[in-house]
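Peer 1: here is the input, now give the coordinates:
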Amino acid sequence: MLFSLKKALLQGSLLAAAVVMLCFGAMRGEAATVLSKAIRLCLECVGIG
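Peer 2: Purely as a prediction, here's the structure:
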């Protein structure tokens, strides 16, 4: 019982931390940077870029 409560609290806190970090990165405009790098990487793998 106590183990499952600790596990649930840990999972909840990690999920909350992940959401906060995602929101912080989105506010800084990091999504556009990640998308442009992902596109460039995919084009290099195909041999176009």
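Peer 1: quick check: next helix or strand after whichever strand or helix holds residue 14?
Peer 2: Element membership for residue 14 (DSSP states H and E) is helix 2-27. Going down the chain from helix 2-27, the next helix or strand is helix 30-46, by DSSP H and E.
Peer 1: any regions of this protein where pLDDT drops low?
Peer 2: In the predicted model of the chain, residues 49 satisfy pLDDT under 70.
Peer 1: nearest residue to the middle of it?
Peer 2: Centroid-nearest residue in the chain: residue 22, 5.9 Å away (criterion: Cα atoms, centre = their mean).
Peer 1: distance of that residue relative to residue 38?
Peer 2: 16 Å (Cβ to Cβ, to the nearest Å). C-beta coordinates here come from the backbone N, C-alpha and C atoms, glycine included.
Peer 1: kindly report the same for residue 10.
Peer 2: Distance from residue 10 to residue 38, by Cβ to Cβ: 31 Å.
Peer 1: cool, and residue 2?
Peer 2: 43 Å.
Peer 1: when the two are compared, which one has more neighbours?
Peer 2: residue 38 (10 against 6; other Cβ atoms under 10 Å).
Peer 1: which ones are touching the more buried one?
Peer 2: Going by Cβ atoms under 8 Å, 6 or more residues apart in numbering, residue 38 touches no other residue.
Peer 1: so how far is stretch 10-24 from its chain's centroid?
Peer 2: Stretch 10-24 has its C-alpha centroid displaced from the chain centroid by 10 Å (Cα atoms, centre = their mean, to the nearest Å).
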